[in-house]
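> Need a 3D model of the following:
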Amino acid sequence: MSEALDDTATVEHLVYVAGFCLDVGEAFMPFRLEITDDRAMADATTRSDDRLDSIVRPEVATSVLFADVSADVAHRTVARLEPHAIRTFWEPVTRAPWRSVPSTYVRCTRDLALPPAVQTAMATRCSRVVDLDAGHSPHISVPDLVAAVIEECVRGVAFDPADATE
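I've put the predicted structure just below:
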């Protein structure tokens, strides 16, 4: 999101859902490795033949990326994933829109792919933090809660997951 956002003048609020909230000049992997050397996500992926992309290993990725959904949903979702460019984890970002736009960080407290300690370090940069008792893919496991956070950001109302109904 940070690199894609050219013009913050038309953006009223950012929502990072277990996402990379980095500062200018930071790259995700060096940032992460300063906090933890947790290998769950590394063990759930392999590199493409040309070594440019990260490819999920379905037998491991289902339990890391989709640990809080049914096995059927996890397997179907993993099957739809595409390779991910490794450089996006290592290249420094050139923009930090959270510095000029109000932002909410949705921290997923049971995330095995992006450890909560790493999320916490990034979340401190945002205007507001919302904790969800969810794994790495809350848009799949608790979509109503994610939608409620986004809706309340749009409305300018503080979200408390304890008040939400699933």
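> rest of the way, CA atoms for contacts and neighbours
Noted.
> In three-state terms, how would residue 150 be classified?
helix (DSSP: H, G, I helix; E, B strand; the rest coil).
> Can you get me a residue count around it?
By other C-alpha atoms under 10 Å, 21 other residues sit near residue 150.
> Equivalent analysis for the one 5 residues further on, please.
Number of residues near residue 155 (other C-alpha under 10 Å) recorded here: 9.
> for residue 116, same thing?
The burial count for residue 116: 20, using other C-alpha under 10 Å.
> can you give me phi and psi for it?
Per-residue torsions, residue 116: phi -50, psi -30 (degrees, to the nearest 10).
> Find the nearest non-adjacent residue to it, please.
residue 109 (5.6 Å; C-alpha to C-alpha, 6 or more residues apart in numbering).
> how close does the one you found sit to residue 29?
20 Å (C-alpha to C-alpha, to the nearest Å).
> Looking at these two, which is more packed in?
residue 109 (19 against 16).
> My read is that that one contacts residue 120, right?
No - using C-alpha atoms under 8 Å, residue 109 makes no contact with residue 120, being 9.6 Å away.
> Now do the shared contacts for these two.
Applying C-alpha atoms under 8 Å, 6 or more residues apart in numbering, one finds that no residue jointly contacts residue 109 and residue 120.
> Show me the helices in the protein, by range?
28-35, 40-43, 58-65, 71-80, 87-90, 116-123, 138-141, 143-155 (DSSP state H).
> For these, could you give me CSV that also reports distance to residue 17?
What follows is the helices of the chain, written out as CSV (distance: least, C-alpha to C-alpha, whole Å):
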stretch, distance to residue 17
helix 28-35, 15
helix 40-43, 17
helix 58-65, 14
helix 71-80, 18
helix 87-90, 17
helix 116-123, 9
helix 138-141, 8
helix 143-155, 8
